[in-house]
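# sequence plus predicted model, see below.
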Amino acid sequence: MKTLWYFFIKIIVKSSLFFYTKKIKVIGEENIPHKGAVLFMVNHPNGLIDPLIVAVNNPRIQHFLVRAATFKKPLVKKFLATLNLMPIYRIRDGFEQLSRNQKIFEQCFSILNNQKALMIFPEGSHDKRRTIRPLSKGFSRIVFGALEKNPSLKIYIIPVGITYQNPSAYPTKVCVRYGTPIVANDYYNVNELNSEIRRLIQTISNQLKNLSVHIPADNNYSETLKKLQFANVDFTEVDKVNTMVKSGNILKQKVNINLLGFLKPIIIFNSIIPWLLWKYMERKNNEFEFIDTFRYGICTLTFGFFYILQSYLMASFFNWKAGFIYLVSSLLLVLFYSKSYTNQRQLPLE
């Protein structure tokens, strides 16, 4: 039953993301083992929408580790648990809370031992900067802890890079890239555990720097990003952009002229209540990385309901054909705008 619920929600999320994004490009899906224990390690630039995009573009049923603050409300906690989400506690949640992670680690050991898939974000937090940050050692407790309990278990680690064209803007393009599987067992040496952890972290980090756009977080970061934005590069062309960053030879790309700007006020007028709700929530949000998450959540929960309600009113005043035509036209208008409009809005430098 829980599996059916998972796939039901997955279909809903994938369908809503189809309307919400301009394009989601998935590369390297053939690297994902169809069976066996797998740990997906994903960079984290854009809040809670990151795991959603990766999960619905992945054939494996996922179990997720997400920050504990997400589970504060009891009803939310119960709902998230039905979708295989588990809280992970950090020092910022209170030092006394860290002991609760042991129970979560035990659950992770069991997940891997049962040949299932687990997704984590080893950078430890989200960050809008286009750079791969130092990875936390926490994941090694999960991997090596599972191998300690079951030395015959084979665990694959797959780095996953996710890159957005404009993560704060709608609509945007997204690139999800699955890296080369890493056999965790090759790094499990109890006599040299610390050095092997560092070697494993370096291997994963190197892959992530190639799988997503990586601008080194040095004194030249802002200047490099500014040049890339000025050149109008497509950040979802990851290899091309990384080559520009490494060589310093940033070539100006063709600027797309938007001819569909007139559709936006029409869509807003036709969706005025959900749009006002979003603008209210946007003012209350103080984290840049959650702009996309809140907008997507509000769009998913309210726009469809609002269109159905308006279709019902249309049918009541006229006839069911008028209501049906209105509903289909509203959905097609949003879909056409999402897939055709090129958003030139750029990510802030810092």
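Ah, there it is. Residues are numbered from 1 along each chain as shown.

# which other residues reach stretch 333-341?
Contacts with stretch 333-341, where a contact means CB atoms under 8 Å, 6 or more residues apart in numbering, come from 18-23, 170-171, 258, 260-261, 263-264, 266-267, 270, 303. Just so you know, the C-beta spots here come from the backbone N, C-alpha and C atoms, and that holds for glycine as well.

# again, only using 6 Å
19, 22, 171, 260, 263 (CB atoms under 6 Å, 6 or more residues apart in numbering).

# buried stuff in it?
For stretch 333-341, a neighbour-count test (16 or more other CB atoms under 10 Å) marks 334, 337-338, 341 as buried.

# could I get the average pLDDT for it?
Per-region confidence: stretch 333-341 scores 90 on mean pLDDT.

# now do it: distance to the chain's middle.
21 Å (CA atoms, centre = their mean, to the nearest Å).

# let me know the closest of the contacts of stretch 333-341 to Ile298.
Nearest to Ile298, judged by CB to CB, of the contacts of stretch 333-341 is Phe19 at 13.3 Å.

# can you count the residues close to that closest one?
Other residues near Phe19 number 17, with proximity taken as other CB atoms under 10 Å.

# residues contacting it?
Contacts of Phe19 by CB under 6 Å, 6+ apart are 334-335, 338.

# that one is in what secondary structure piece?
Phe19 belongs to helix 2-20 when assigned by DSSP states H and E.

# swap in Lys25?
strand 23-27.

# elements contacting that strand?
Secondary-structure packing of strand 23-27 (3 or more CB pairs under 6 Å, 6 or more residues apart in numbering; DSSP states H and E): strand 173-178.

# just give the strands next to the strand it packs on in its sheet, each with its orientation.
strand 23-27 (parallel), strand 155-164 (antiparallel) (DSSP bridges).

# of those strands, which is nearest Ile308?
strand 23-27 (25.4 Å).

# now the closest one: buried residues?
In strand 23-27, counting by 16+ other CB under 10 Å, buried: 24, 27.

# quick one: low-confidence ranges for this structure?
69, 91-97, 255-259, 343-350 (pLDDT under 70).

# how far off centre is stretch 18-32?
That offset, for stretch 18-32, works out to 11 Å (CA atoms, centre = their mean).

# same question, stretch 116-132
9 Å.

# any idea how far apart the tips of it sit?
One end of stretch 116-132 to the other measures 27 Å (CA to CA, to the nearest Å).

# return the residues in contact with the closest residue in space to Thr293 that isn't next to it in sequence.
Of all residues not flanking Thr293 in the chain, Gly47 sits nearest, at 3.9 Å (CB to CB, 6 or more residues apart in numbering). The contact partners of Gly47, by CB under 6 Å, 6+ apart, come to 126, 289-290, 293.

# now these: which count as buried?
Buried subset of those (neighbour count, 16+ other CB under 10 Å): 126, 289-290, 293.

# would you mark the buried spots in stretch 270-281?
270-271, 274-275, 277-278.

# got it, and stretch 203-223?
Applying 16+ other CB under 10 Å to stretch 203-223 flags 203-205, 207-215, 221 as buried.

# one more: stretch 307-317?
In stretch 307-317, counting by 16+ other CB under 10 Å, buried: 307, 310-311, 314-315.

# how about a markdown table for these, with secondary structure added?
Compiled in a markdown table, the buried residues of stretch 307-317 are given as follows (DSSP: H, G, I helix; E, B strand; the rest coil):
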| residue | secondary structure |
| --- | --- |
| Tyr307 | helix |
| Gln310 | helix |
| Ser311 | helix |
| Met314 | helix |
| Ala315 | helix |
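
# from those, which is closest to Thr180?
Checking those one by one against Thr180 (CB to CB), the nearest turns out to be Tyr307, at 43.5 Å.

# could I get the contacting residues of the closest one?
Taking CB under 6 Å, 6+ apart, we find Tyr307 in contact with 327, 330.

# how about the helices in the stretch 1-150 of the chain?
Taking DSSP state H, counting those that start in this stretch, the helices of the stretch 1-150 of the chain run over residues 2-20, 49-56, 74-82, 101-113, 138-149.

# same deal with the stretch 201-350 of the chain?
With DSSP H, counting those that start in this stretch as the criterion, the stretch 201-350 of the chain has helices spanning 221-230, 238-247, 263-270, 272-284, 291-298, 304-317, 320-340.
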